[in-house]
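Student: coords please:
(one chain, ligands or ions: 1)
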Amino acid sequence: MKRFLKTADIIGYGRSLLTDPDIANKVENGECIRECLNCNKGCVDAIQSRRYLSCVLNDENGDEETIFIQPCTETKNIAIVGASLAGLEAARVAYKRGHTVTVFEKSNRLGGQINIDSVPPRKMKSYVLFNTMKNSCPIK
Ligand code: SF4
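Tutor: Okay, the predicted model is just below:
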């Protein structure tokens, strides 16, 4: 992808840009990209229902000037219990705000029920989402 960005004059994105508007910068910096799930829930369904265009994976979508992760004023040690998607997202946001985060997980596998959800045919995208979230977390 990085090589492609350096040689192309123009690159067009569709839904991927709703999911992660920073794709080009992230590729340049070697950061993890949040991939579109092709679920159509926040974007295509919304357009067809004449609702506000959004993305289920991007809370800031369409409100970038008012909804964004702000640095905390007082750093705290935060414990997250459970490394499901919700736990990992909470850890990611808390870390980006500047807190020190520790995630506790009772099993030997991160992801919680996504490990079950991603097993049926055509559900592999769930696991892609989980990998993106896992790779976005500073897990040591
Ligand atoms: S709502 Fe689903 S299909 Fe639409 S941009 Fe977001 S992840 Fe992709």
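Student: alpha carbons only for contacts and neighbour counts from here, please
Tutor: Will do.
Student: pretty sure Val56 is touching Lys41, no?
Tutor: Yes: proximity of Val56 to Lys41 meets the contact threshold set by C-alpha atoms under 8 Å, at 6.9 Å.
Student: how near is Val93 to Asp59?
Tutor: Counting by C-alpha to C-alpha, to the nearest Å, the gap from Val93 to Asp59 is 12 Å.
Student: who has more neighbours, those two?
Tutor: Val93 (17 against 13; other C-alpha atoms under 10 Å).
Student: by contact count, what packs against whatever helix or strand the more buried one lives in?
Tutor: Per DSSP states H and E, Val93 falls inside helix 85-97. Packed against helix 85-97, as judged by 3 or more C-alpha pairs under 8 Å, 6 or more residues apart in numbering; DSSP states H and E, are the following elements: strand 77-81, strand 100-104, helix 124-136.
Student: enumerate the residues of this structure near the ligand.
Tutor: 15-16, 18-19, 36-43, 55-57 (C-alpha under 6 Å from any ligand atom).
Student: max pairwise distance over those: which two?
Tutor: Ser16 and Lys41 (13.5 Å; C-alpha to C-alpha).
Student: can you list the domain ranges for this protein.
Tutor: 1-65, 69-140 (automatic domain parsing).
Student: report the distance from stretch 30-43 to the chain centre.
Tutor: 7 Å (C-alpha atoms, centre = their mean, to the nearest Å).
Student: and it, how far apart are its ends?
Tutor: End-to-end distance (C-alpha to C-alpha), stretch 30-43: 27 Å.
Student: pull the residues that contact it.
Tutor: 15-16, 19-20, 23, 26-27, 53-57, 125-126, 128-129, 132-133, 135-136 (C-alpha atoms under 8 Å, 6 or more residues apart in numbering).
Student: are any of the residues you listed buried, and which?
Tutor: In those, burial by neighbour count holds for 15-16, 19-20, 23, 53-55, 57, 125-126, 128-129, 133, 135-136, counting by 16 or more other C-alpha atoms under 10 Å.
Student: okay then, goodbye and thanks.
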